[in-house]
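J.: here is the input, now give the coordinates:
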Amino acid sequence: MRTRSYKFLRNTMYELEVKRPDLASAVGISETSLTSRMTGRLPWGQDEMHRVCDYINSIAKDEGLSPPFPYEKIHEIFPPRQNVAAKKATKAVAARS
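T.: I've put the predicted structure just below:
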């Protein structure tokens, strides 16, 4: 079973009524790629993380709200990737040691 990743991002998207196709377009990736990143199957690129923050912050600003995604909190918005493949690779390296 896969865990749901990026809870803060998902909740903020819900609160601001940001749809996946709109976010994917703003970031410059396909909706499939966005889903793969949000489920932890693919890592986020640094430029993609900044584009997500910029887009979400602009939506919040248009709504008269404070920007929810300051760059200094990017590590909280996009925590390190913890998926099954990464865990298996870590176990394989540890087993060789």
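J.: mind listing what's buried in the longest helix seen in the chain?
T.: Longest among the helix segments of the chain by residue count, using DSSP state H, is helix 46-62. If you call a residue buried by 16 or more other Cβ atoms under 10 Å, then helix 46-62 has these buried ones: E48, M49, R51, V52, C53, Y55, I56, N57, I59, A60. Where C-beta positions appear, they are placed from N, C-alpha and C, glycine not excepted.
J.: mind listing residues that contact it?
T.: With contact meaning Cβ atoms under 8 Å, 6 or more residues apart in numbering, helix 46-62 is reached by 9, 12-13, 16, 18, 23, 26-29, 37, 44, 66-71, 74, 77-78.
J.: what's the answer for stretch 14-29, then?
T.: For stretch 14-29, contacts defined as Cβ under 8 Å, 6+ apart pick out 12-13, 30-31, 33-35, 37, 48, 51-52, 54-56, 59-60, 63, 65.
J.: that older thread, could you dump the buried residues of helix 46-62 into CSV and include pLDDT and distance to S5?
T.: Formatted as CSV, these follow (pLDDT from 0 to 100; distance: Cβ to Cβ, whole Å):
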residue, pLDDT, distance to S5
E48, 96, 14
M49, 95, 13
R51, 97, 18
V52, 96, 13
C53, 96, 17
Y55, 97, 18
I56, 96, 16
N57, 96, 21
I59, 96, 21
A60, 96, 21
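J.: just to revisit the earlier point, which of the contacts of helix 46-62 are buried?
T.: 9, 12-13, 18, 23, 26-27, 29, 37, 44, 68-69, 74, 77-78.
J.: how far away is R10 from A95?
T.: Distance, R10 to A95, using Cβ to Cβ, to the nearest Å: 34 Å.
J.: more neighbours: which of these two?
T.: Neighbours per residue (other Cβ atoms under 10 Å) separate R10 from A95, with R10 holding more: 13 against 7.
J.: mind exporting the C-alpha coordinates of the helix or strand where that one lies to CSV?
T.: Here R10 sits within helix 7-15, counting by DSSP states H and E. Only the C-alpha atoms of helix 7-15 are listed here, as CSV (Å, rounded to 0.1, in the frame of the first residue of the first chain):
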residue,chain,number,x,y,z
LYS,A,7,-0.2,16.3,2.8
PHE,A,8,0.4,20.0,3.3
LEU,A,9,0.5,20.6,-0.4
ARG,A,10,-2.7,18.6,-1.0
ASN,A,11,-4.5,20.4,1.8
THR,A,12,-3.5,23.8,0.5
MET,A,13,-4.5,22.8,-3.0
TYR,A,14,-7.9,21.8,-1.6
GLU,A,15,-8.4,25.0,0.4
